[in-house]
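Q: Compute the structure for the input listed below.
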Amino acid sequence: MTLFHFGNCFALAYFPYFITYKCSGLSEYNAFWRCVQAGATYLCVQLCKMLFLATFFPTWEGAAGSFDFIGEFMKSTVDLADLLGLHLVMSRNAGKGEYKIMVAAMGWATAELVMSRCLPLWVGARGIEFDWKYIQMSIDSNISLVHYMAVAALVWMWTRYDLPTHYRLPVTVLLGLSMYKAFLMDCFVHVFLLGSWPADSEGRVCFDQLCGRTWHFT
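A: Residues are numbered from 1 along each chain as shown. As a prediction, this is how the structure comes out:
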């Protein structure tokens, strides 16, 4: 039964990435190694972010249950490196805009999936006791894929010279929301005392729908 639960979580987390890669046309362009390079860029960016955070932002030592709004806001500012990393990946790939966006998003999201969720699923989902958090973790990985596709599209649109002026501000605002997403969600959870399901899943779905609609209309 535990192996069956692990198989369900693994399929729910990883198969959408495989289906997206096959059905988006990336396999026809032999873009596998391009996605691997994007994943390697993700690892370098995360390493630089961890070193920067460990050096300039020490661990919060306030009272239990308190929330350091200023500190968390400053930490979220470091996520600007993710936007720069996505721009670097797309600038190094030649081709149509859709191809650049999909390569950057697939490589970035897959690297995050492997590094942050592979080991917890392997160790926890095979445990004796059933826990919904691994189903939630698998669903969240799918939301992350949509999120990075939307963010990559926003970065690509913001760097275009022919982007209409009246679209520049909405794209910039959405990029700012994507950068401070974790901070805004933490504030939302702290203020309204939400549980993990509405805070993690519903909030990110609403944000990604907003980004996706902006991508569609622009």
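
Q: what ranges do the helices span in this protein?
A: Applying DSSP state H to the chain gives helices spanning 2-23, 32-56, 69-77, 80-91, 97-124, 132-158, 165-179, 181-192, 196-197, 203-217.

Q: pLDDT weak spots in the protein?
A: Residue ranges of the chain with pLDDT under 70: 1, 58-67, 125-130, 192-218.

Q: TSV please, covering the helices of the chain and showing mean neighbour count.
A: No exception for glycine: its C-beta is placed from N, CA and C like everyone else's. Below are the helices of the chain laid out as TSV (neighbours: other Cβ atoms under 10 Å):
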stretch	mean neighbour count
helix 2-23	15
helix 32-56	15
helix 69-77	14
helix 80-91	19
helix 97-124	20
helix 132-158	21
helix 165-179	15
helix 181-192	15
helix 196-197	12
helix 203-217	15
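
Q: Can you tell me the closest non-neighbouring residue to the residue most central in space within the chain?
A: The centre of the chain sits closest to residue 144, judged by Cα atoms, centre = their mean, with a distance of 4.3 Å. Spatial nearest neighbour of residue 144, excluding adjacent residues (Cβ to Cβ, 6 or more residues apart in numbering): residue 109 at 5.4 Å.

Q: next one: residue 36
A: Nearest non-adjacent residue to residue 36 (Cβ to Cβ, 6+ apart): residue 107, at 6.8 Å.
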